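> my questions are about this predicted structure, shown below with the sequence.
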Amino acid sequence: GYGRTGVQYYENTAADDADGLNESQIISRLRMNIDASTSTDQGIDFGARFRMQWDQNSGSRGRQAELNAGVIYITASGLTVSIGNVGNAYDDLSVVFGSELGSYDTSVGAVNGNIFAYNTGPYGSLTEASQNRSGVAAKYEIADFTVRASYIDPDQSGLDEFGAGEANEEEYALSVAYTWNDRLDLEAAYVTNGAGFEDNDIWYVGGRYAVMDNANVGVTYVSTDDYLNGTTDIEGGDTILLFGDYTLADGMTNIEAFVGNNNADGNETDNAFGVGVNYDLGGARLGASLQRDYDERVYADMGVRFDF
Amino acid sequence: GYGRTGVQYYENTAADDADGLNESQIISRLRMNIDASTSTDQGIDFGARFRMQWDQNSGSRGRQAELNAGVIYITASGLTVSIGNVGNAYDDLSVVFGSELGSYDTSVGAVNGNIFAYNTGPYGSLTEASQNRSGVAAKYEIADFTVRASYIDPDQSGLDEFGAGEANEEEYALSVAYTWNDRLDLEAAYVTNGAGFEDNDIWYVGGRYAVMDNANVGVTYVSTDDYLNGTTDIEGGDTILLFGDYTLADGMTNIEAFVGNNNADGNETDNAFGVGVNYDLGGARLGASLQRDYDERVYADMGVRFDF
Amino acid sequence: GYGRTGVQYYENTAADDADGLNESQIISRLRMNIDASTSTDQGIDFGARFRMQWDQNSGSRGRQAELNAGVIYITASGLTVSIGNVGNAYDDLSVVFGSELGSYDTSVGAVNGNIFAYNTGPYGSLTEASQNRSGVAAKYEIADFTVRASYIDPDQSGLDEFGAGEANEEEYALSVAYTWNDRLDLEAAYVTNGAGFEDNDIWYVGGRYAVMDNANVGVTYVSTDDYLNGTTDIEGGDTILLFGDYTLADGMTNIEAFVGNNNADGNETDNAFGVGVNYDLGGARLGASLQRDYDERVYADMGVRFDF
């Protein structure tokens, strides 16, 4: 797990100002993963995980740490099958998060779409019956390829009737990742019925290349379809992000930046950008970032994160 | 603790069909016991336990793992006294569960009655004040005998007034277990005011014998009294179960079966039966079972369980 | 953490008698602290804690163990900064609790005032938005002095509007502790806006001296101001406590006692007193106490506590 704390600033909207929202707040997180595993004589590995997490100011994990639903996995010969609170094949990729900056690993430029990811904290109360959510995921590693597939059903019981436009559907996701020579990462993914919403389909391709030992550049392209949430039309648009990072000669200071373009109709601007820096303390890191989003709101953070 | 997952099938009633309930569902559990203990210079052992458990589809533990109320125990000279969320003297026996089959350890033939057992997850909200539940249990081991007694009060404060027919009473349970030569297990138990309900008395006797090194047979008899839950008359009836298991020459495949008779008036049939199989993977086991209950509904499961 | 259990007796008021409250009840606690930490190459320590606790009969932690909000701390060169669910500079002192007796460490004579302490269990639901509570505390140790300061804001978001007389304010606390030669402890503290209530200011001074190797005497003085909680006037008054303890020649039996005076108007009597005893089992201790409070109600307890 890890702990992190620091200060986040997010420029208010006019509505936020009217509410008296403080733009700068202390935002902390404490995450502990609780793992258990065993191996059989035949070389099959069985494992399981709970997560215990507190998030300052979170509506669901702010008053206390919460446990989440468990996940059980079985690994043999490069194939891992997970059951329960599984990760999404698209969300488990890494280059797709390449534009994230600072100690909070935040990118206001990334518009990755609405999906069922591995759930930190209780399953959402989209219905009272969300205890019937069920997921199965598979990951297969062969040579330099990793293929992932996931299936998440918001209600396997068949008892829950959600209204029109609600999360009634079963989500499917598929992804492929390829690594060449530790220098090049290529990824692609497709999600249909993301987060259980009909028509919420997501396409993604991305790549990252180590141009030097201490410098990387990358690009991601995410295309999201419009869909109805209840009677509201949700439009994420298509997003292209360019990003890179460079480690200074001290070997500890890493400078990073991104520039993004998103074509959703509701945008104030179609361009977002950000710069960040991380300083490695050995076991912990200091970080900061300065970003501007598609609503032309400024975001900035500064903090520290340590892993244990 | 342990993890288990797989598929359970339970034949629908007509009402279930009308609701659209899926007969086959993925059912998983992840249990972690959190233990702490210490010993004094005089040889007294003090210990305590919490349990953290997630159960797929459970109404109370389905959306996330839940912690339960703690139990504290003190052991000296063969006597163990437990305080808090204690086990029931009857429920802590083992032969009474001898008819359970497969990786889910399920028997649709066993009708063991309604009691306050060791509580996984929060105490039930039978009243808002269920935090005042209090239990004390004792276990004494001498030679081949184990004597257990338990006392569980649903409200030690005296403040909670439940209606007529509600769980107002203090539950008492007593049991004796005897083991002869590692081949024969005999058990008997008595519970009065089970789960706090007046007149909910349970009698039990059971035995299991290892007829060969790789084969066991057993029999249990449970007699439950009728009682009122609110204004509803609850009838469990009397149940007799015959069961046995046989390990194949490979030493890893265990075949098991039971046949049961229950005389409750509401039964569709008075006979239930089931067959099961477990295959030992060394640290984990595969299992399956096929059973028919007193409503003539078919139950089947197939899954895997691993302990850690 | 630790476990403790036993019986507490508290003489009923007339209203308690009318409600049928039992005066003697089994009261147990099971506490487990979950710590994580790491150190950087520069010698900075990062750490974090969750607490998991069950309290028999507690309204908030009685039905099951609850997790609390996390705290993250950073230590370097004698300075520790904590963020999140931090301790209060006054509450983190030790002599102020010197009058506590028995295995339950209880003193009915101590009137320490209403503050935001380190929170076991979820933040109170004083508002729905209590997830926005935020704290920062610092501790600095130099030679024989320890200086502490804490700042706790019940709502850092600025969004929550509480009514007049509610916990709207930011609490500040400051304390100094001095130890001389391992024989003398001196402490002083000041809190303003305790627990977020305007005008709830607390002054404290205390000291404890080891008159012999096996005997201590101490005195504390706490002055609390009147304040409004909603429209109710809260008066804690000023309290002076004298206390001492003496270890018998067996080295295991510790006798302790206190006498206290409090000048609040609502008191039945201005004097409280108590005697207690603890017997060290090595890793556990048996304890008992007999006390009388400012309402002239008798309190008694007997129990066992073990640390792990």
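Here it is on my side, so go on.
> the helix or strand hosting A:Met32: what's the following helix or strand?
Per DSSP states H and E: A:Met32 is located in strand A:29-39. Later in the chain than strand A:29-39, the nearest helix or strand by DSSP H and E is strand A:45-55.
> which residues touch the helix or strand following that following strand?
Using DSSP H and E, the helix or strand that follows strand A:45-55 towards the C-terminus is strand A:66-67. Residues from elsewhere that reach strand A:66-67 (Cβ atoms under 8 Å, 6 or more residues apart in numbering or on different chains): A:50-54, A:60, A:121-122, B:52, B:54, B:64-67, C:67. For the C-beta atoms, the positions are set from N, CA and C on the backbone; glycine is no exception.
> nearest to B:Asn254, of these?
B:Trp54 (27.4 Å; Cβ to Cβ).
> on that earlier part again, between strand C:29-39 and the strand holding A:Met32, find me the angle.
Calculated by axes from the mean of the first three to the mean of the last three Cα atoms, to 10 degrees, strand A:29-39 forms an angle of 100 degrees with strand C:29-39.
> determine whether any part of strand A:29-39 lies close to chain B.
Yes - contact of strand A:29-39 with chain B (Cβ under 8 Å from any Cβ of the partner chain) involves A:Ile34, A:Ala36, A:Ser37, A:Thr38, A:Ser39.
> give the PyMOL command for selecting the buried subset of those residues.
Selection command for PyMOL covering only the buried members of the residues of strand A:29-39 next to chain B, criterion 16 or more other Cβ atoms under 10 Å in any protein chain shown:
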select buried, chain A and resi 34+36+38+39
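> rebuild the residues of strand A:29-39 next to chain B as TSV, extending it with distance to A:Asn112 and pLDDT.
Formatted as TSV, the residues of strand A:29-39 next to chain B follow (distance: Cβ to Cβ, whole Å; pLDDT from 0 to 100):
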residue	distance to A:Asn112	pLDDT
A:Ile34	27	96
A:Ala36	31	96
A:Ser37	30	95
A:Thr38	35	96
A:Ser39	35	95
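> what's the closest of the residues of strand A:29-39 next to chain B to C:Val86?
Nearest to C:Val86 among the residues of strand A:29-39 next to chain B: A:Ile34, at 24.4 Å, using Cβ to Cβ.
> what about A:Val176, which helix or strand?
strand A:171-180.
> meant to ask about A:Gly6
Going by DSSP H and E, A:Gly6 is part of strand A:2-10.
> over to A:Arg148?
strand A:145-153.
> repeat for A:Ala264
With DSSP H and E as the criterion, A:Ala264 is inside neither a helix nor a strand.
> give me the nearest residue to it, chain neighbours excluded.
A:Gly237 (3.2 Å; Cβ to Cβ, 6 or more residues apart in numbering or on different chains).
> returning to what we had before: now render the residues of strand A:29-39 next to chain B as CSV, adding distance to B:Tyr246.
Listed next are the residues of strand A:29-39 next to chain B as CSV, based on distance: Cβ to Cβ, whole Å:
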residue, distance to B:Tyr246
A:Ile34, 38
A:Ala36, 32
A:Ser37, 32
A:Thr38, 26
A:Ser39, 28
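> taking the residues of strand A:29-39 next to chain B together, which two end up most distant?
A:Ile34 and A:Ser39 (18.6 Å).
> contacts for the strand holding A:Arg148, please.
Applying Cβ under 8 Å, 6+ apart, the external contacts of strand A:145-153 come out as A:86-89, A:92-93, A:116, A:133-140, A:170-178, A:196.
> and the angle from it to strand A:171-180?
Going by the same axes, to 10 degrees, strand A:145-153 is angled at 170 degrees with respect to strand A:171-180.
> pull the CA atoms of strand A:145-153 into PDB?
Extracted C-alpha coordinates of strand A:145-153, given in PDB (Å, rounded to 0.1, in the frame of the first residue of the first chain):
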ATOM      1  CA  PHE A 145       2.400  -9.900 -25.100                       C
ATOM      2  CA  THR A 146      -0.200  -9.600 -22.400                       C
ATOM      3  CA  VAL A 147      -3.800 -10.200 -23.300                       C
ATOM      4  CA  ARG A 148      -6.500  -9.300 -20.900                       C
ATOM      5  CA  ALA A 149     -10.300  -9.900 -21.000                       C
ATOM      6  CA  SER A 150     -12.900  -8.900 -18.300                       C
ATOM      7  CA  TYR A 151     -16.600  -9.400 -17.800                       C
ATOM      8  CA  ILE A 152     -18.500  -7.600 -15.100                       C
ATOM      9  CA  ASP A 153     -22.200  -8.000 -14.500                       C
END
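> buried residues in that strand?
Buried, per 16+ other Cβ under 10 Å, within strand A:145-153: A:Thr146, A:Val147, A:Arg148, A:Ser150, A:Tyr151, A:Ile152, A:Asp153.
> beta-bridge partners for the first one, please?
Beta-bridge pairing for A:Thr146 (DSSP bridges): A:Glu141, A:Ala177.
> roughly how far does it sit from A:Glu169?
Distance, A:Thr146 to A:Glu169, by Cβ to Cβ, to the nearest Å: 26 Å.
> can you check A:Gly237 too?
From A:Gly237 across to A:Glu169, the span is 22 Å (Cβ to Cβ).
> A:Ala300 now?
Separation of A:Ala300 from A:Glu169 (Cβ to Cβ) stands at 38 Å.
> and for A:Gly276?
The gap separating A:Gly276 from A:Glu169 is 37 Å, by Cβ to Cβ.
> neighbour count for the two, which is higher?
A:Gly276 (27 against 18; other Cβ atoms under 10 Å in any protein chain shown).
> which neighbouring elements make contact with whichever strand or helix holds the more buried one?
A:Gly276 belongs to strand A:271-280 when elements are defined using DSSP H and E. Strand A:271-280 is packed against strand A:253-262, strand A:284-292, with contacts defined by 3 or more Cβ pairs under 8 Å, 6 or more residues apart in numbering or on different chains; DSSP states H and E.
> the first one near chain C anywhere?
Just to be clear, that refers to strand A:253-262. No - Strand A:253-262 lies apart from chain C when judged by Cβ under 8 Å from any Cβ; the minimum separation is 14.6 Å.
> parallel or antiparallel, list what pairs with that strand.
In the sheet, strand A:253-262 lines up against strand A:238-247 (antiparallel), strand A:271-280 (antiparallel) (DSSP bridges).
> flag every residue of chain A that's near chain B.
Residues of chain A that fall close to chain B, judged by Cβ under 8 Å from any Cβ: A:34, A:36-42, A:44, A:46, A:48, A:50, A:66-72, A:74, A:83-84, A:121-123, A:125, A:130-132, A:134, A:136, A:156-159.
> what about A:Gly206, how many residues nearby?
When neighbours are counted by other Cβ under 10 Å, A:Gly206 comes out with 24.
> how about the nearest residue to it, chain neighbours excluded?
A:Thr220 is the one closest to A:Gly206 (Cβ to Cβ, 6+ apart), at 3.7 Å.
> show me what that neighbour is bridged to.
A:Gly206, A:Leu241.
> quick one: the residue in chain A positioned nearest to chain C and B:Thr75, what's the gap?
Residue of chain A nearest chain C, by Cβ to the nearest Cβ: A:Gly62 (2.4 Å). To B:Thr75, A:Gly62 is 41 Å away according to Cβ to Cβ.
> ok, the most far-flung residue of chain A relative to its centre - contacts?
Relative to the mean C-alpha coordinate of chain A, counting by Cα atoms, centre = their mean, the farthest residue is A:Asp41 (35.9 Å). The neighbourhood of A:Asp41, defined by Cβ under 8 Å, 6+ apart, consists of B:Leu281, B:Gly282, B:Gly283.
> cool, and A:Ile142?
A:Ile142 touches A:Gly78, counting by Cβ under 8 Å, 6+ apart.
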